[in-house]
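*Asks:* any chance you can model this:
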Amino acid sequence: MQETQAHRRARSPHARPIRPVERRPRRPANWGRRLKVVVLFVLVALVAGAIFLFQRAAAFNGAVSTDSALSMRLFGPLSGGDRVNVLILGYGDETQGGSYLSDSMNLLSIDRETDTTALIAIPRDLWVEGIAEVPQNMKINEALAIGYFADGMENGANLAAEAVTHVTGLRVDGWITLDFQGFEAIVDAVGGVTVENPTAFSYAWAEEDYFAGNWLGSFDAGTLELNGADALSYARNRYTSVIEESSDFARSVRQQRVLQAIRAELTGWQTVPKALAVADALEGHLDTNVSVWDLAMLAGKLGVDHRIELSEDVILQATTNSIGQYVLVVIGRAHSADYTPLHDYISEELANPPVPSPIPSASP
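*Replies:* Residues are numbered from 1 along each chain as shown. Below is the predicted model:
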């Protein structure tokens with residue numbers, strides 16, 4: 001039998017012995033190291049995200065606020081102590097037929113001891129005397145415009161805040177101004193809002209259409225899905241087919257419903273992207289003297305526990321000024337510039353336990 005090459009190698013004295021291959025034991029997975037890598041990745045992502053959000057917040061703060069981006073001057077008061085009062089002004093500029101008159105004036109009063117929030121709707125026609133900067137006197141909704149045309153938005157808002165302090169007796173800790181386009185843009189930025197409307201009504205924008213019964217649109221009772229334009233009509237209109245819905249107080253209630261609906265949209269996993277969209281929408285439309293961080297804290301206080309109505313025939317009465325304008329003055333005043341009865345009325349209402357919002361009273 002022929003000898004194979006393999007057999008010859010096997011008989012060679014120099015051939016290496018053939019041994020079975022030894023398998024090395026597999027190293028156990030280093031889960032500790034992998035976990036550290038994952039944690040490090042998450043931390044880097046969080047830091048990068050925080051830096052991005054801070055930069056966006058600082059940029060937004062620089063665009064809308066007179067306060068420093070690092071300021072948190074309302075943090076102390078909001079954490080406890082005296083009431084914090086923030087004035088919210090809605091207005092229209094010349095392009096919107098508003099000439100910077102305050103279409104809505106709401107004083108948000110936060111009591112940190114009881115963790116409750118009251119909303120005081122300031123009637124636009126409340127007559128103001130005794131302000132040194134306005135010796136000719138004014139309706140309170142004119143303060144923003146007078147100050148604005150004298151020296152810009154900050155001056156106008158400060159004058160409006162001074163007027164509100166003068167008539168209510170409450171210190172104004174901060175102010176926020178928002179034009180109509182900004183209000184509309186916020187609603188569209190969050191994708192629209194859902195509100196519960198208890199009273200159906202029709203509305204018109206012009207006084208002559210109101211008296212002629214030429215209604216531009218209407219809102220049904222029940223659940224309403226509103227885009228920006230619809231939300232503005234719902235919140236702003238004062239010429240309605242239901243007289244109780246035509247008062248400043250009724251409008252402030254509707255405005256509050258929309259604000260709470262906006263807040264509801266800024267919850268859940270979409271909070272950050274929607275908040276960034278809102279910030280983009282507000283630039284050029286919002287001005288304030290509080291920082292973006294204070295605004296964030298105030299956003300959590302939009303759920304109003306009770307509203308205080310400055311009603312006619314209760315604390316205010318209707319009359320006319322020297323040029324025949326419809327105005328509201330304080331009942332029980334000792335002289336034309338005496339607002340003590342109104343101070344006392346508001347103080348008593350704030351001291352009362354929160355109660356459900358009253359039914360808006362009718363307004364001429």
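
*Asks:* that's a helix at I120, yeah?
*Replies:* No. Assignment of I120 by DSSP: H, G, I helix; E, B strand; the rest coil gives strand, placing it outside any helix.

*Asks:* I figured it hits L107, correct?
*Replies:* Yes. Applying CB atoms under 8 Å as the test, I120 and L107 come out as touching, 4.3 Å apart. (Glycine included, C-beta is placed from N, CA and C.)

*Asks:* so what's the residue nearest to the spatial centre of the chain up against?
*Replies:* Nearest residue to the geometric centre of the chain (CA atoms, centre = their mean): A299, 5.6 Å. A299 makes contact with 263, 266, according to CB atoms under 8 Å, 6 or more residues apart in numbering.

*Asks:* buried residues in stretch 57-77?
*Replies:* 57, 60-61, 64-67, 69, 71-74, 77 (16 or more other CB atoms under 10 Å).

*Asks:* ignore what I typed, I meant stretch 226-236.
*Replies:* 226, 228, 230-236.

*Asks:* next, D338: secondary structure please.
*Replies:* coil.

*Asks:* what's the pLDDT at it?
*Replies:* On the pLDDT scale, D338 is placed at 97.

*Asks:* can you tell me how far the residue lying closest to it once chain neighbours are set aside is from D93?
*Replies:* Nearest residue to D338, sequence neighbours excluded (CB to CB, 6 or more residues apart in numbering): V330, at 7.1 Å. Distance, V330 to D93, by CB to CB, to the nearest Å: 31 Å.

*Asks:* just the helices from the chain, written as ranges.
*Replies:* Taking DSSP state H, the helices of the chain run over residues 5-11, 31-64, 75-78, 143-151, 153-168, 180-189, 207-212, 228-236, 248-265, 271-282, 292-299, 340-351.

*Asks:* just how off-centre is the shortest one within its chain?
*Replies:* Using CA atoms, centre = their mean, to the nearest Å, the mean C-alpha position of helix 75-78 is found 18 Å from that of the whole chain.

*Asks:* name the helices or strands packed onto that helix?
*Replies:* If you count contacts as 3 or more CB pairs under 8 Å, 6 or more residues apart in numbering; DSSP states H and E, helix 75-78 packs onto helix 292-299.

*Asks:* ditto for the last one
*Replies:* Using 3+ CB pairs under 8 Å, 6+ apart as the contact criterion, the neighbours of helix 340-351 among helices and strands are strand 116-121, helix 153-168, strand 306-309.

*Asks:* now render the ones you listed as JSON lines, adding distance to S252 and mean pLDDT.
*Replies:* Shown next, in JSON lines, are the helices and strands packed on helix 340-351 (distance: least, CB to CB, whole Å; pLDDT from 0 to 100):
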{"stretch": "strand 116-121", "distance to S252": "4", "mean pLDDT": "91"}
{"stretch": "helix 153-168", "distance to S252": "14", "mean pLDDT": "98"}
{"stretch": "strand 306-309", "distance to S252": "7", "mean pLDDT": "89"}
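
*Asks:* for G228, see how far away G217 is.
*Replies:* Distance from G217 to G228, by CB to CB: 15 Å.

*Asks:* how does the protein divide into domains?
*Replies:* For the chain, whose domains are defined here by automatic domain parsing, the residue ranges read 34-64, 65-351.

*Asks:* just say which of the ones you listed is most tucked in.
*Replies:* domain 65-351 (a mean of 18; mean count of other CB atoms under 10 Å).
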